[in-house]
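Q: show me how the following folds:
(chains A, B, C and D)
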There are 2 protein chains.
Amino acid sequence: MPKIGAEPIRKAALINATIFEVGRAGSLDVTVAQIARRAGMSPALAHHYFGSKDQMFLAAMRYILRNYGRSVADRLPGHGKRGRLDAIVQASFAPQNFQRETVSAWINFYALALINPEAGRLLRVYHCRLRSNLMVALRPLAADPARIAETLGALIDGVYLRAVLTPGGIHAAVAEKLVFDYLDEALS
Amino acid sequence: MPKIGAEPIRKAALINATIFEVGRAGSLDVTVAQIARRAGMSPALAHHYFGSKDQMFLAAMRYILRNYGRSVADRLPGHGKRGRLDAIVQASFAPQNFQRETVSAWINFYALALINPEAGRLLRVYHCRLRSNLMVALRPLAADPARIAETLGALIDGVYLRAVLTPGGIHAAVAEKLVFDYLDEALS
DNA sequence: TAACTTTAATTGACTGACCAATCAAGAACA
DNA sequence: TGTTCTTGATTGGTCAGTCAATTAAAGTTA
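A: Model (predicted):
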């Protein structure tokens, strides 16, 4: 056997580099060469491992979505009556989901989801899981959990969007408070 | 004088074609040649009138923002206590702002705002005007107009985002109802 | 242990295609 | 005639993806 075990390390490095470069450029218009250089290898090696640029973007998107899912799961079931709900919202505004690179990657992956069916499918899975989680959390608390779940999901996305577009960037705490204030109102 | 009056016609055609092509492709990755062909002219003429591809995108963004502003103004002051507020929300979900091409153009212009300072400036103007309009409308109705204006703005954006990302697309009416239900709650 | 084999890892160089922007020249109209 | 309108042709540059060749680790054999 030859030198083994490089593949997972290289792939992880490329995924990190992809997110970093997309975040830095604020656009999917980054070259494979840029990403590969950032990850410390040649462009040819990036192609060797991922086959195509699209596959690299999709792998990066999967990584971000998996991270988000994990960060929600880690906080469940939470404490108290509203534990599940608080956990989900807090996870959505966790620092790592709120760094400039990640949020910038998110908005650009949203754009990717418009044109790449596989990316669209991934995003739909995320939306469904979020809605489902919110429904479970809301059912014991509200008369119309479906409506609140829908509103809450949109609100979280909207706050995200504004966070990355506001010049100084709004703080995670401010964004989170906005959402919690809505929840207090909706559940009262 | 020579053959005159072509400029405004050509520019309008190019702006329409830009929005159409960006919406169709779901991405800013459209070539000047595509846009020009759609507008019925040569790529060279597009450059002649706009100077660069970026300027074409910015002109298209200005056009969309101007349209939105006009559609709000047309509905003001509205009727009744909540007239101003209803007018703004209804304008945000007016059919023309909700067509696939327009919404797709919006999300991509959002992405553009991340990397193009001029685009960012335009978007900030839109955000400020929206917030200001909402404040005026909310001051007589709510104790904390600033918070509700912020939430409402984010909610509108979030609903927009989901509208274009949902496979079948949610109907404008459903989106609008979501926002109005929130308002009813917040103002009660 | 030394020589040999096998195979993953890795890259430099290249290709084929595409594209934004320019320019000089022609067409149309007043 | 003079001005605007219009385009074909060109240029300089970029980039995704390919390929042949090299390197080095791990096992194999004698």
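
Q: low-confidence stretches in chain A?
A: Low-confidence segments of chain A, defined by pLDDT under 70, span residues A:1-4, A:169-170.

Q: how about the helices in it?
A: Secondary structure of chain A (DSSP state H): helices located at A:6-25, A:32-38, A:43-50, A:53-75, A:83-92, A:95-98, A:100-115, A:117-138, A:145-165, A:172-187.

Q: give me the helices and strands touching the first one, please.
A: Applying 3 or more C-beta pairs under 8 Å, 6 or more residues apart in numbering or on different chains; DSSP states H and E, one finds that helix A:6-25 contacts helix A:32-38, helix A:43-50, helix A:53-75, helix A:100-115. (Each C-beta comes from the backbone N, C-alpha and C, glycine too.)

Q: residues making contact with it?
A: Taking contacts as C-beta atoms under 8 Å, 6 or more residues apart in numbering or on different chains, the residues outside helix A:6-25 that touch it are A:28, A:30, A:34-36, A:38-41, A:45-46, A:49-50, A:56-57, A:59-60, A:63-64, A:99-105, A:108, B:115.

Q: check whether it comes near DNA strand C.
A: Yes. Part of helix A:6-25 sits near DNA strand C under the criterion C-beta under 7 Å from any atom of the strand, namely A:6, A:7, A:10.

Q: buried stuff in that helix?
A: Within helix A:6-25, the residues scored as buried using 16 or more other C-beta atoms under 10 Å in any protein chain shown are A:10-11, A:13-23, A:25.

Q: of those residues, closest to residue A:83?
A: Nearest to residue A:83, judged by C-beta to C-beta, of the buried residues of helix A:6-25 is residue A:19 at 30.5 Å.

Q: can you redo the helices of chain A as TSV with distance to DNA strand D?
A: Formatted as TSV, the entries for the helices of chain A read as follows, by distance: least, C-beta to the nearest atom of the strand, whole Å:
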stretch	distance to DNA strand D
helix A:6-25	9
helix A:32-38	4
helix A:43-50	4
helix A:53-75	4
helix A:83-92	31
helix A:95-98	26
helix A:100-115	14
helix A:117-138	14
helix A:145-165	23
helix A:172-187	32
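
Q: quick one: which of those helices is nearest residue B:74?
A: Here helix A:145-165 is closest among the helices of chain A (C-beta to C-beta), at 24.5 Å.

Q: any buried residues in that closest one, and which?
A: For helix A:145-165, burial by neighbour count (16+ other C-beta under 10 Å) applies to A:145, A:147-165.

Q: just stretch A:75-87 next, same as before
A: By neighbour count, and taking 16+ other C-beta under 10 Å as the criterion, the buried residues in stretch A:75-87 are A:75, A:82, A:84, A:85, A:86, A:87.

Q: list the contacts for the closest residue to the fifth one other than its chain neighbours?
A: Read that as residue A:86. Of all residues beyond its chain neighbours, the one nearest residue A:86 is residue A:78 (5.6 Å), with distances taken as C-beta to C-beta, 6 or more residues apart in numbering or on different chains. The neighbours of residue A:78, taking C-beta under 8 Å, 6+ apart as the test, are A:84, A:85, A:86, A:87.

Q: let's see it at 7 Å
A: For residue A:78, the contacting residues are A:84, A:86, A:87, by C-beta atoms under 7 Å, 6 or more residues apart in numbering or on different chains.

Q: same check, this time on residue A:45
A: With contacts defined as C-beta under 7 Å, 6+ apart, residue A:45 is in contact with A:10, A:36.

Q: flag every buried residue along stretch A:125-140.
A: By 16+ other C-beta under 10 Å, the buried positions in stretch A:125-140 come out as A:126, A:130, A:131, A:133, A:134, A:136, A:137, A:138.

Q: correct me if wrong: residue A:153 contacts residue A:131.
A: Yes. Using C-beta atoms under 7 Å, residue A:153 and residue A:131 qualify as a contacting pair, with a distance of 6.1 Å.

Q: can you count the residues close to residue A:52?
A: 11 (other C-beta atoms under 10 Å in any protein chain shown).

Q: and it, backbone torsions?
A: Main-chain dihedrals, residue A:52, degrees, to the nearest 10: phi -160, psi 160.

Q: same question, residue A:116
A: The phi/psi pair for residue A:116 (degrees, to the nearest 10) is phi -110, psi 110.
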